[in-house]
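In: Turn this into a model:
(one chain, ligands or ions: 1)
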Amino acid sequence: MDLSKHAFFEGKIVPLADAKVNIATHGFLYGTSVFGGMRSYWNEEKKRLFVFRPYDHFRRLLHSARMMAMQTHYDEESLIQLTLDLLRTDNWQQDIYMRPTFYKADMGIGVKLHDLKDEFCMFVMAYEPYVKNDTNAHVTISSWRRIDDNVIPARGKVAGAYANSALIKTDANRAGFDEALVLDNNGHISEGSAMNIFMLRDGILVTPPVTDNILEGITRKSIIELARNELGLTVMERSIDRTETFICEEMFMTGTAAQVIAVTKIDHRPVGAGLMGPITTKLRTMYENILRGKNSRYEPWNVVV
Ligand code: PMP
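Out: The predicted structure is shown next:
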């Protein structure tokens with residue numbers, strides 16, 4: 001992995017090698033940290049780096065921190081500013097992934113959230129493709145269930161909850177699948193291991209509502225806007241049954257790391273014609289152009305470094 005030379009740690013930019021937490025740190029012992037996954041894209045023609053929707057990412061991160069009873073003096077603006085400072089320090093000129101984290105920083109044993117010190121840190125890495133078969137993914141229905149809002153909030157990006165995602169992903173990969181669809185405790189499709197899900201059924205774009213134990217994805221939100229405004233599609237946020245996925249016309253998954261991944265097979269059944277569909281293709285292209293700052297209508301989504 002090509003990691004950044006510098007990180008933001010305990011209030012300042014330091015060499016990455018110096019950004020270390022002790023093994024007795026609460027966030028490490030109990031998974032009591034919350035994180036974001038953000039990306040910046042290099043535009044070769046303009047020779048500029050574009051950070052995608054940092055305000056939305058930091059807003060969600062601050063909401064995750066709130067759910068875990070964390071206190072911070074940072075707001076969206078100050079987090080964006082320190083991100084720009086960090087990116088300029090290492091002078092990145094390629095696609096990158098950024099990992100901001102709030103964590104319970106006290107040392108010692110004690111299962112609780114209150115009366116603990118909270119810290120913020122962030123590092124950066126060069127981007128590596130997330131799912132190999134992103135135009136023809138074969139997914140399975142996971143035997144694992146998605147974490148529930150009354151267990152660990154799925155709408156918060158809580159580090160400890162990613163044990164659930166890891167179990168889902170490893171079992172899917174070891175069984176020969178690219179990804180998995182995960183049912184929530186009510187038996188509805190929630191999302192993938194770390195991606196939101198969309199299906200096109202009878203020409204309507206359908207995605208699970210935020211109350212079906214999904215992470216409220218920023219790619220999901222962007223795709224909903226693009227589908228409505230650019231393609232004139234009806235987008236419905238409603239629960240999805242397992243067998244609907246067998247009879248839909250198209251399916252794709254969305255996420256910051258993964259972008260838009262076409263799902264063309266579910267448990268050996270072809271989705272629609274078994275090829276990446278026209279709506280998925282259009283949305284993928286549109287989204288990719290916006291990320292690289294090539295669509296002036298969506299310029300406000302990007303912050304230039
Ligand atoms: N669901 C989960 C569980 C995730 O970890 C992610 C990745 N952050 C997503 C969905 C997609 O969210 P986003 O589009 O904001 O990256």
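
In: In contact with Ser143, which residues?
Out: Ser143 makes contacts with Asp171, as judged by CB atoms under 8 Å, 6 or more residues apart in numbering. Quick note: C-beta positions are derived from backbone N, CA and C, even for glycine.

In: Assign it to helix, strand or coil.
Out: Under the three-state scheme (DSSP: H, G, I helix; E, B strand; the rest coil), Ser143 adopts strand.

In: State the distance from it to Val131.
Out: For Ser143, the distance to Val131 equals 20 Å [CB to CB, to the nearest Å].

In: now swap in Phe177 and tell me
Out: Separation of Phe177 from Val131 (CB to CB): 11 Å.

In: Same check on Trp301?
Out: The gap separating Trp301 from Val131 is 23 Å, by CB to CB.

In: more neighbours, Phe177 and Val131?
Out: Taking neighbours as other CB atoms under 10 Å, Phe177 and Val131 compare with Phe177 leading, 22 against 19.

In: give me phi/psi at the closest residue to that one other than its chain neighbours?
Out: Of all residues not flanking Phe177 in the chain, Thr140 sits nearest, at 4.4 Å (CB to CB, 6 or more residues apart in numbering). Dihedral pair for Thr140: phi -120, psi 170, per degrees, to the nearest 10.

In: how many neighbours does the nearest residue to Gly187 once chain neighbours are set aside have?
Out: Nearest non-adjacent residue to Gly187, counting by CB to CB, 6+ apart: Arg242, 7.1 Å away. Counted with other CB under 10 Å, the neighbours of Arg242 add up to 14.

In: one step back: look up how far the ligand lies from the residue nearest to Phe177.
Out: According to CB to the nearest ligand atom, to the nearest Å, Thr140 stands 17 Å off from the ligand.

In: same deal with Glu244?
Out: Plainly put, Glu244 is 20 Å away from the ligand if you go by CB to the nearest ligand atom.

In: The residue lying closest to that residue once chain neighbours are set aside: what's it in contact with?
Out: If you skip the residues right next to it in sequence, Glu244 has Arg201 as its closest partner in space, 6.3 Å away by CB to CB, 6+ apart. Applying CB under 8 Å, 6+ apart to Arg201 gives the contacts Glu244, Ile247, Cys248, Glu249.

In: what's the closest non-adjacent residue to the second one?
Out: Nearest-residue entry for Ile247: Arg201, 7.5 Å, with adjacent residues in sequence omitted and distances by CB to CB, 6+ apart.

In: picking that back up, the residue nearest to Phe177 contacts Arg269, correct?
Out: No: contact criterion CB atoms under 8 Å: Thr140 and Arg269 do not qualify, at 10.7 Å.

In: Of the two, which one has the most company?
Out: Higher neighbour count among Thr140 and Arg269: Thr140, with 19 against 11, using other CB under 10 Å.

In: Before I go, just wanted to say thanks for your time.
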